[in-house]
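J.: take a look and give me a structure for this.
(one chain, ligands or ions: 2)
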Amino acid sequence: MQIVLDLVDDGYVDISTRRDERRSKGLNQLQIEEPSQYFDFISEYVDSISETLRPVNLKIHDNPELNYEEFIAHETLTKFMRTRKGWKVTPSAYGIATAFIAEYDSGKKGPVISFNAEYDALKGIGHSCGHNLIATCSLAGALACGEAMTKFSLPGKIILYGTPAEEGGGGKIKLLEAGAYSDHKVDINLISHPGKVADCALMSTNAYVSFKVEYFGKEAHAAAAPWEGINALDALITAYNALSVLRQQTMPGDIIQGHITDGGAAPNIIHAYAAGIFVTRALSKQRLKVLRKKVNKCFEAGAEATGAKLKITEIMGYDDHVPNRALCKVSRQVMNALGSDIPSPEMDIIRGATQASTDQGNISYAMPSVSLGFKIDSVEGPHNPGFAAAARTKEAHIAALRAGKALAVTGLEALTDEKLLKAAKEEFKNMLKGSEMEQL
Ligand SMILES: [Zn+2]
Ligand SMILES: [Zn+2]
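T.: Ligands and ions are numbered 1, 2, ... in the order given. Sure, this is the predicted structure:
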């Protein structure tokens, strides 16, 4: 901790600390010192269904499917949920073929606790992001909450959302926009993600946006009459170089990526068309807007310098993930009670900061969200075939179930502890306010 403070004092502000400072407005001081009364029940119950969940986990893992084509995973999960007593399953929810909703309703009015399950894979490298484990974790968490609801006669509702296409398709955004969460008056949302680094409760991710850039020029003979042409590739190269110059003066956490997809037809023709795909990322969606303006200026510079016409088409964007501290505190306690060593929030937020992006970020701007990071034994990190192999092991299955226990207890505490739910919502509101202020 001292090292971090020293670094800050010296002006080398750690990006995580910066993000933490911004979000700590509204930090609640809620103390939950006693182990949850649901801990033992949940732990034993999840252990008891471990072998039942294992084939579901493996079926998803061994049949990797891409964005919105997760038909086997969808079929496996909905079929399985239909076998569980008390669960009402809606396959292909909200017109999305591979999304689903499974509900467990106590019949008594109360909070609505939700889990998101991911199950998409990556092209050519299978489940190298370990989403089979995310599905397993959320399945375990939701089932355990439902079981506890009956056992302890609790009010409210548990919902498991099947959320496809996290790897670039934004399934959760589609569900959000379709009203899948607001229609069910969801109070909080819980998810997890495996990694090769230590467990963390306060996982935060970057905001990101991808877009296509095109320049339209005019052909001409590149030797005989080049002055008659307008060189679209020159426009793109000018913009690319301007971006390289901009990179020196971006803020920590700002990222600019890009590649050229079209660089002209032939060397003896002035290039009439050039295009590329670009990505910008930043610590928050508000910061991303600022960065994006600067980036757009670079593309405009290319057009200005050459006379080529510029066209920018948005492709995709995810918000940053803002973890809810009130809820994460419970998750941290449970993980640590199960043998983990997640440190205090000050260190946890640093450990949990990643520059990757996820559509769970958009969820975190719609309701209090937890994305619990859990370690699996892997030399390689996510998006590497080595990680896919690690995500198949029995040990990884057990790690996912441990995270599932933590999410289940977090959900049950939010369901039954009014003070906790109120604190989580208060913090969420303050975070939104802080985010709006940042925009001004
Ligand atoms: Zn991924
Ligand atoms: Zn992932």
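J.: where are the low-confidence patches of this structure?
T.: 1-34, 439-440 (pLDDT under 70).
J.: for the spatially most central residue of the chain, which non-adjacent residue is spatially closest?
T.: By Cα atoms, centre = their mean, the chain has its centre lying nearest to Thr358, at 2.5 Å. Of all residues not flanking Thr358 in the chain, Thr205 sits nearest, at 5.2 Å (Cβ to Cβ, 6 or more residues apart in numbering). No exception for glycine: its C-beta is placed from N, CA and C like everyone else's.
J.: in the sheet, who's paired with that neighbour?
T.: When bridges are called by DSSP bridges, Thr205 pairs up with His321.
J.: just the one 5 residues further on next, same as before
T.: Residues found in beta-bridge contact with Ser210 (criterion: DSSP bridges) are Val279, Met316.
J.: contacting residues for it?
T.: If a contact means Cβ atoms under 8 Å, 6 or more residues apart in numbering, then Ser210 has Ile277, Phe278, Val279, Glu314, Ile315, Met316, Gly317 as its contacts.
J.: drop anything exposed from the residues you listed.
T.: If you count burial by 16 or more other Cβ atoms under 10 Å, the buried members of the contacts of Ser210 come out as Phe278, Val279, Gly317.
J.: hmm, Val209 and the last one touching each other?
T.: Looking back up the chat, that one is Gly317. Yes - if you go by Cβ atoms under 8 Å, Gly317 and Val209 touch, sitting 3.8 Å apart.
J.: related to what we said a few turns ago, closest to Ala97 out of the contacts of Ser210?
T.: Met316 (19.1 Å; Cβ to Cβ).
J.: buried residues in stretch 312-328, which are they?
T.: For stretch 312-328, burial by neighbour count (16+ other Cβ under 10 Å) applies to Gly317, Tyr318, Asp319, Asp320, His321, Val322, Pro323, Asn324, Arg325, Ala326, Leu327, Cys328.
J.: surely the last one meets Leu202?
T.: Looking back up the chat, that one is Cys328. Yes - under the criterion of Cβ under 8 Å, Cys328 makes contact with Leu202 at 5.2 Å.
J.: anything in contact with each of these two?
T.: Pro345, Asp348.
J.: hmm, back to that, who's in contact with the residue nearest to the centre of the chain?
T.: Glu166, His193, Thr205, Tyr318, His321, Ser371.
J.: same question for Ala140.
T.: Here Ala140 is in contact with Val46, Ile49, Leu53, Ala400, Leu401, Gly404, Lys405, Ala408 (Cβ under 8 Å, 6+ apart).
J.: how about Asp234?
T.: His271, Gly302, Ala305, Thr306, Ala308.
J.: out of these, list just those in helices.
T.: Mapping those onto helices (DSSP state H) picks out Gly302, Ala305, Thr306.
J.: apart from its neighbours in sequence, what residue is nearest the second one?
T.: By the measure of Cβ to Cβ, 6+ apart, the closest residue to Ala305 outside its immediate chain neighbours is Thr238, 4.9 Å from it.
J.: need phi/psi at the closest residue to Ala301 other than its chain neighbours.
T.: Excluding the flanking residues, the one nearest Ala301 by Cβ to Cβ, 6+ apart is Ala242, at 5.0 Å. Note on Ala242: backbone dihedrals following degrees, to the nearest 10 are phi -60, psi -40.
J.: just checking, Ala242 touches Gly302?
T.: Yes - using Cβ under 8 Å, Ala242 is in contact with Gly302, at 7.0 Å.
J.: comparing the two, which residue is more hemmed in?
T.: Gly302 (25 against 19; other Cβ atoms under 10 Å).
J.: quick one: the more buried one from Ile230, how far?
T.: For Gly302, the distance to Ile230 (Cβ to Cβ, to the nearest Å) stands at 12 Å.
J.: shared neighbours of those two, anything?
T.: Ala308.
J.: quick revisit: among the buried residues of stretch 312-328, which two are most distant?
T.: Gly317 and Ala326 (27.5 Å).
J.: what about the helices in the stretch 101-250 of the chain?
T.: 131-151, 171-178, 232-246 (DSSP state H, counting those that start in this stretch).
J.: between these, which one is nearest to Ala389?
T.: helix 131-151 (12.0 Å).
J.: centre of the chain versus the closest one, how much separation?
T.: With Cα atoms, centre = their mean, to the nearest Å as the basis, helix 131-151 stands 19 Å off its chain's centre.
J.: then stretch 111-119?
T.: 13 Å.
J.: flag every buried residue along it.
T.: Pro111, Val112, Ile113, Ser114, Phe115, Asn116, Ala117, Glu118, Tyr119.
J.: now do the contacts for the residue nearest to Ala301.
T.: Ala242 neighbours (Cβ under 8 Å, 6+ apart): Lys297, Cys298, Ala301, Gly302.
J.: how about JSON lines for the residues you listed, with distance to Glu70 added?
T.: As requested, the contacts of Ala242 are exported to JSON lines (distance: Cβ to Cβ, whole Å):
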{"residue": "Lys297", "distance to Glu70": "39"}
{"residue": "Cys298", "distance to Glu70": "37"}
{"residue": "Ala301", "distance to Glu70": "42"}
{"residue": "Gly302", "distance to Glu70": "39"}
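J.: so which of the residues you listed is surrounded by the most neighbours?
T.: Counting by other Cβ under 10 Å, top hit in those: Gly302 with 25 neighbours.
J.: can you tell me the closest non-neighbouring residue to that one?
T.: Ala239 (3.4 Å).
J.: touching, the one you found and Asn296? I think so.
T.: No - look at Ala239 against Asn296 with Cβ under 8 Å: they stay out of range, at 9.7 Å.
J.: of those two, which one has the most company?
T.: Ala239 (30 against 16).
J.: pull the contacting residues for that one.
T.: Contacts of Ala239 by Cβ under 8 Å, 6+ apart are Val213, Cys298, Phe299, Ala301, Gly302.
J.: any idea how far Gly317 is from it?
T.: Relative to Gly317, and taking Cβ to Cβ, Ala239 is found at 20 Å.
J.: next one: Asp341
T.: Asp341 is 35 Å from Gly317, by Cβ to Cβ.
J.: what do you get for Asp199?
T.: 29 Å.
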